[in-house]
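> got a sequence here, can you build the structure:
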Amino acid sequence: MKIEKVKEHIGGIVHVDKADLCKPEVVAEIKAALEDRGALVFPQIHLTDAEQLAFTDAFGERVNFTKQAPGSDVTADDVYKITLDRKFNQEPDYVYGTWFWHVDGVTIDQPLPKATMLSARKLSGEGGQTEFASTFAAWEQLPEDQKRAIEHLKVIHRLEASMRPLYVEMPEERLNRYRSMAREMLHPLVWTQIDGRKSLVLGTHADEIVGMSIPEGRSLLSRLTEWAAQPDFTYRHEWQEGDFVIWNNCGLMHRVVPYDADSGRSMHRTTIMGTERLGVPLESVQAA
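The predicted structure follows:
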């Protein structure tokens, strides 16, 4: 197996025979590379759902946290089909929300998913690239005075916040649905993980900083997101059919470049369960 470095802070291209993908020594090397590179691309490896699930299981414990999300016609357990194709998805908000910076699973009361795995099945003619930003690098490269100013801050994350960009005024029915699908979660702005590495926890779901006014808190979150999304910390993947990409959901945020909803673009996703809890439900803190 050979891994090519893409940029200094992020990205790796993995060249490996598909037949070797689930070998323990290969999986171990890919895990190590994921910690170092953040996002790994397996060009045109053309995994079937069964092969993707086999690799997912070799990598860790699989989890499916989007069973309530509409739009998937995949019969394989724990494979989620991401598409705007109206034949399969009559409720596209969840997919449109991925056009904005986010981290998977932040508004669910469970350990944060460790890794997301995505196979390209059908592409759009224009757009549809996936962009990744290293929140490890964003923290590491912050000036020391800014680190000291933010390292103890807490942030309230809400699913409804990640859906606000889709509406001029959100209908009450939509608001109630989003609130029923997720929890208000209180997370650290700066997450110290078990191995000692620190990352910023950002995305459109980051809605309110505890102890700050709404304008002040959202302004800070916006500026930190801009910082994290600078070219040195980001990688944009130009998909080809059959590409397989893995990213470290505990150290990257990601988004999709807008594409034509009628293009039939289709991605198959599996997810690895994490072992570290990022934060706690807001209601548990308020009750205390």
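> where in this protein is pLDDT low?
65-76, 288 (pLDDT under 70).
> one more pass at 80, please.
Scanning the chain for pLDDT under 80 picks out 64-77, 88-90, 287-288.
> quick one: the helices in it, in order.
Remark: helices assigned in the chain by DSSP state H are 24-37, 49-59, 93-96, 135-140, 144-150, 159-163, 172-181, 214-228, 282-287.
> tell me the angle the first one makes with helix 49-59.
Between the axis of helix 24-37 and that of helix 49-59 there is an angle of 80 degrees, by axes from the mean of the first three to the mean of the last three C-alpha atoms, to 10 degrees.
> restricting to C-alpha, output helix 24-37 in CSV.
Taking Å, rounded to 0.1, in the frame of the first residue of the first chain, the C-alpha atoms of helix 24-37 are listed here in CSV:
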residue,chain,number,x,y,z
PRO,A,24,-5.5,-6.4,9.6
GLU,A,25,-2.1,-4.9,8.7
VAL,A,26,-3.7,-2.8,6.0
VAL,A,27,-6.5,-1.6,8.2
ALA,A,28,-4.0,-0.7,10.9
GLU,A,29,-2.0,1.4,8.4
ILE,A,30,-5.1,3.1,7.2
LYS,A,31,-6.1,4.0,10.7
ALA,A,32,-2.7,5.5,11.4
ALA,A,33,-2.9,7.5,8.2
LEU,A,34,-6.4,8.7,9.0
GLU,A,35,-5.1,10.3,12.2
ASP,A,36,-2.2,12.0,10.3
ARG,A,37,-4.0,13.0,7.1
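> other residues contacting it?
Applying C-beta atoms under 8 Å, 6 or more residues apart in numbering, the contact partners of helix 24-37 are 1, 3, 5-6, 10-12, 14, 16, 20-21, 40, 55, 58-59, 115, 246-248. Using the backbone N, CA and C atoms, a C-beta is placed for each residue, glycine as well.
> mind redoing it with 10 Å?
By C-beta atoms under 10 Å, 6 or more residues apart in numbering, the residues outside helix 24-37 that reach it are 1, 3-7, 9-14, 16-17, 20-21, 23, 40, 42, 55, 58-60, 114-115, 134, 136, 195, 197, 235, 246-248, 250-252, 272.
> for the buried ones among those residues, write the corresponding PyMOL selection.
Selecting only the buried entries of the contacts of helix 24-37 in PyMOL, with 16 or more other C-beta atoms under 10 Å as the criterion:
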select buried, resi 3+6+7+9+10+11+12+14+16+21+40+42+55+59+60+114+115+134+136+235+246+247+248+250+251+252+272
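> which stretches of the stretch 51-200 of the chain form strands?
Ranges of strands within the stretch 51-200 of the chain are 80-83, 115-122, 130-134, 154-157, 185-188, 190-192, 198-200, based on DSSP state E, counting those that start in this stretch.
> the fourth one: partners in the sheet, and parallel or antiparallel?
When you say that, I think you mean strand 154-157. With DSSP bridges as the test, strand 154-157 is paired with strand 185-188 (antiparallel), strand 206-209 (antiparallel).
> same question, the longest one
Using DSSP bridges, strand 115-122 pairs in its sheet with strand 244-248 (antiparallel), strand 266-272 (antiparallel).
> ok so, going back, which among the strands of the stretch 51-200 of the chain is found nearest to Val168?
Of all the strands of the stretch 51-200 of the chain, strand 154-157 sits nearest to Val168, with 22.9 Å by C-beta to C-beta.
> first-to-last residue distance for stretch 261-274?
End-to-end span of stretch 261-274 (C-alpha to C-alpha, to the nearest Å): 32 Å.
> cool, and stretch 114-131?
Termini of stretch 114-131 sit 18 Å apart (C-alpha to C-alpha).
> go through it and flag the buried ones.
Using 16+ other C-beta under 10 Å as the test for burial, stretch 114-131 gives 114-121, 123-124, 128-131.
> show me the two of those residues that sit farthest apart.
Of all pairs drawn from those, the greatest distance, 28.3 Å, lies between Lys114 and Ser124 (C-beta to C-beta).
> picking that back up, dump the strands of the stretch 51-200 of the chain into TSV; add distance to Ala229 as well.
Converted to TSV, these look like this (distance: least, C-beta to C-beta, whole Å):
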stretch	distance to Ala229
strand 80-83	21
strand 115-122	18
strand 130-134	5
strand 154-157	17
strand 185-188	19
strand 190-192	17
strand 198-200	11
